[in-house]
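> sharing a model that was predicted from the sequence below.
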Amino acid sequence: MTNPPGQRPRAFRIPSAEPPPGAAEGEPPQAPPRAAFRPELGPDVRLVEEPFEIVEAADRVAVPVAPRRRAPWVSILFGAVGSLVAIAVGLSLERLVADLFATAPWLGWVALALVALALIALTAIVGREALGVWRERKIEALREQALAALATRDHTAAQGVVRELRALYADRPALSGALQRLDAVGDAILDVDDRLGLAEGELLAPLDRQAKAAIAQAASQVSAVTALSPRAIVDVAFVVYSAARLLRRIAAIYGGRPGLLGFLRLARAAFAHLTVTGGMAVGEGMLHQVLGLGLAARVSAKLGEGVLNGLMTARFGLAAVAVCRPLPFVRATPPTVNDVAGQLFRGSETDKA
C-alpha cells in the first residue's frame with residue numbers, strides 16, 4: 001500500500017490498559033507528562049512538556065541538556081566552612097580594634113574607620129557580583145522565552161521578548177536608530193518568526209558582527225603568538241588569557257556585565273557547550289581544512305600548533321556566542337569556524353607556498 005502524494009508516513013502510539021512493567025499491584029499508575037490546553041490551537045491540541053530540554057547551538061546543532069546534578073552535601077560543606085572563616089575573621093578584627101583602643105584611642109578609631117571602609121568596599125563588590133549574575137540570568141531567561149515563543153507560536157510572548165530585548169539595549173546610543181525602527185512596528189500584526197527576526201536583524205545583527213570580529217582577532221593573535229613563542233608555557237598562558245578576555249568581551253557585546261562569579265558561570269556554560277557540540281559542528285569543508293592543517297604541520301610544527309590553537313579559540317568564541325546571545329538564531333545565519341577563523345587556513349596555505 002502506497003501513501004498518496006504529499007502525505008508522509010505517521011506513527012501512532014496505542015494506549016495500553018496494562019500497567020507498566022515493574023509496577024506493583026495496587027499501586028496507582030504514574031501520571032503522564034503535563035499537558036497544557038491551548039484554545040487557539042484547536043480543541044484537540046495539547047502541548048506536552050518534554051522530559052529533556054533541547055537547546056539550539058550557534059551552529060544549529062540540537063543539543064540535549066541533561067538534568068542538573070545537585071550535590072547538597074558539597075554545598076553544605078562549603079557553606080559551613082565559609083561561615084567559620086567569616087566568624088574567625090570577624091573575631092580577629094574585633095580583637096585587633098580592641099587592642100588598638102587599649103594601646104592608643106586614636107589608633108583604635110583609625111582601625112575602626114578602616115574596617116568600615118573595608119565593609120563598604122565588600123558590599124560594593126558583592127552587589128556588583130550579584131548584579132552581574134542577575135543580568136546573565138535575565139539574558140538566559142530571555143533566550144528561553146524566545147525559544148518557547150517560537151515553539152508554541154505565542155504572539156504575546158514574542159511581543160514580551162521584544163520589549164525586554166529593547167529594554168536591555170535601551171542605553172546604547174549606537175542602537176538608537178534600530179530601537180526607533182523597532183518601535184515603529186511595535187503594534188503591527190506580525191508572525192512570531194517575523195517579529196523576532198526583525199528584532200534580531202535590527203538589534204543583534206550589529207552585535208553579531210562585533211562578536212565575529214572579536215573572535216577572529218583573538219584567533220589570529222593566539223595563532224601568531226603560538227607560532228612565534230619559544231616555550232610551551234607561554235603558549236598555554238596566552239591561550240588561557242585570550243579565552244578569558246574573549247569571553248568577557250563577547251558577554252559585554254551582548255549586554256552582560258560579568259564579575260568574577262558571573263565570569264566563572266559563563267566559562268562553565270561555554271566549556272559545557274563546547275564539549276557537547278565540539279565533535280558535531282565539523283562539516284566536510286572544515287574536515288578538509290583540518291587535513292590541510294596536517295600538511296602545514298609537516299612544513300612547520302609551530303605553524304601547525306598556531307593554527308590549531310587559533311582554531312580552538314575560534315570554537316570557544318562560538319560557544320561563548322551561544323551562551324551569551326539573548327536570542328536564538330531566527331533569521332540570521334549562525335557563524336561558523338570558517339567565518340571567524342578562515343584566514344588562519346588561508347595564511348597557512350600562503351606560508352606553505
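Thanks, I have it. Predicted model, so just to flag it, every value in this text is computed and none were measured.
> top helix in the chain by residue count?
helix 105-152 (DSSP state H).
> avg pLDDT for that one?
Averaged across helix 105-152, the pLDDT comes to 90.
> same deal with stretch 260-275?
pLDDT averaged over stretch 260-275 gives 78.
> how about residues contacting that stretch?
57, 63, 129, 132-133, 135-136, 244, 247-248, 251, 256, 258, 315-316, 319-320, 322-324 (Cβ atoms under 8 Å, 6 or more residues apart in numbering). Where C-beta positions appear, they are placed from N, C-alpha and C, glycine not excepted.
> what comes up buried for it?
Judged by neighbour count using 16 or more other Cβ atoms under 10 Å, the buried positions of stretch 260-275 are 262-263, 265-267, 269-271, 273-274.
> tell me how far Val110 lies from Leu303.
60 Å (Cβ to Cβ, to the nearest Å).
> so between these two, which is more surrounded?
Neighbour comparison, Val110 and Leu303: the larger count goes to Leu303, with 20 against 13 (by other Cβ atoms under 10 Å).
> residue ranges in the stretch 201-350 of the chain under the pLDDT threshold?
By pLDDT under 70, the low-scoring segments of the stretch 201-350 of the chain are 273-302, 342-350.
> quick one: the helices in it, in order.
Under the criterion DSSP state H, counting those that start in this stretch, helices of the stretch 201-350 of the chain are mapped to 205-228, 232-253, 260-277, 284-299, 301-324, 337-352.
> could you identify which of those is most buried?
helix 301-324 (a mean of 24; mean count of other Cβ atoms under 10 Å).
> okay, angle between that one and helix 232-253 too, please.
With axes from the mean of the first three to the mean of the last three Cα atoms, to 10 degrees applied, the angle from helix 301-324 to helix 232-253 works out at 30 degrees.
> and helix 301-324, what does it pack onto?
Applying 3 or more Cβ pairs under 8 Å, 6 or more residues apart in numbering; DSSP states H and E, one finds that helix 301-324 contacts helix 205-228, helix 232-253, helix 260-277, helix 284-299, helix 337-352.
> next one: phi and psi at Leu327?
Backbone torsions for Leu327, taken as degrees, to the nearest 10, come to phi -130, psi 150.
> quick one, what contacts it?
142-143, 146, 161, 165, 196, 199-200, 204.
> adding distance to Ala211 and neighbour count, write those residues out as a markdown table.
Shown next, in a markdown table, are the contacts of Leu327 (distance: Cβ to Cβ, whole Å; neighbours: other Cβ atoms under 10 Å):
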| residue | distance to Ala211 | neighbour count |
| --- | --- | --- |
| Leu142 | 17 | 20 |
| Arg143 | 15 | 20 |
| Ala146 | 18 | 25 |
| Val161 | 20 | 26 |
| Leu165 | 16 | 25 |
| Leu196 | 19 | 23 |
| Ala199 | 17 | 25 |
| Glu200 | 13 | 24 |
| Leu204 | 9 | 23 |
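> in JSON lines: those, plus distance to Leu114.
Listed next are the contacts of Leu327 as JSON lines, based on distance: Cβ to Cβ, whole Å:
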{"residue": "Leu142", "distance to Leu114": "42"}
{"residue": "Arg143", "distance to Leu114": "44"}
{"residue": "Ala146", "distance to Leu114": "48"}
{"residue": "Val161", "distance to Leu114": "48"}
{"residue": "Leu165", "distance to Leu114": "44"}
{"residue": "Leu196", "distance to Leu114": "52"}
{"residue": "Ala199", "distance to Leu114": "50"}
{"residue": "Glu200", "distance to Leu114": "51"}
{"residue": "Leu204", "distance to Leu114": "47"}
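> identify, from these, the entry nearest to Arg331.
Glu200 (5.9 Å; Cβ to Cβ).
> test my guess that the closest one contacts Pro326.
No. Here Glu200 lies out of contact with Pro326, judged by Cβ atoms under 8 Å, at a distance of 9.7 Å.
> coming back round to it: reformat the helices of the stretch 201-350 of the chain as TSV; add distance to Trp106.
Below are these laid out as TSV (distance: least, Cβ to Cβ, whole Å):
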stretch	distance to Trp106
helix 205-228	52
helix 232-253	44
helix 260-277	36
helix 284-299	69
helix 301-324	51
helix 337-352	61
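> closest one to Ala102 among those helices?
helix 260-277 (37.7 Å).
> please report the distance of Ala80 from Ala216.
Applying Cβ to Cβ to Ala80 and Ala216 gives a distance of 47 Å.
> please read the previous query as pertaining to Val74.
39 Å.
> same check on Val126?
Applying Cβ to Cβ to Val126 and Ala216 gives a distance of 36 Å.
> go on, Val321?
From Val321 to Ala216 the distance is 12 Å (Cβ to Cβ).
> can you check Pro334 too?
15 Å.
> just the CA atoms of stretch 135-143, as PDB, please.
The C-alpha coordinates for stretch 135-143 follow below in PDB (Å, rounded to 0.1, in the frame of the first residue of the first chain):
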ATOM      1  CA  ARG A 135      21.900  40.200  34.300                       C
ATOM      2  CA  GLU A 136      23.200  36.900  33.000                       C
ATOM      3  CA  ARG A 137      20.200  35.000  34.200                       C
ATOM      4  CA  LYS A 138      18.000  37.700  32.700                       C
ATOM      5  CA  ILE A 139      19.600  37.100  29.300                       C
ATOM      6  CA  GLU A 140      19.300  33.400  29.700                       C
ATOM      7  CA  ALA A 141      15.600  33.700  30.600                       C
ATOM      8  CA  LEU A 142      15.100  35.900  27.600                       C
ATOM      9  CA  ARG A 143      16.600  33.300  25.300                       C
END
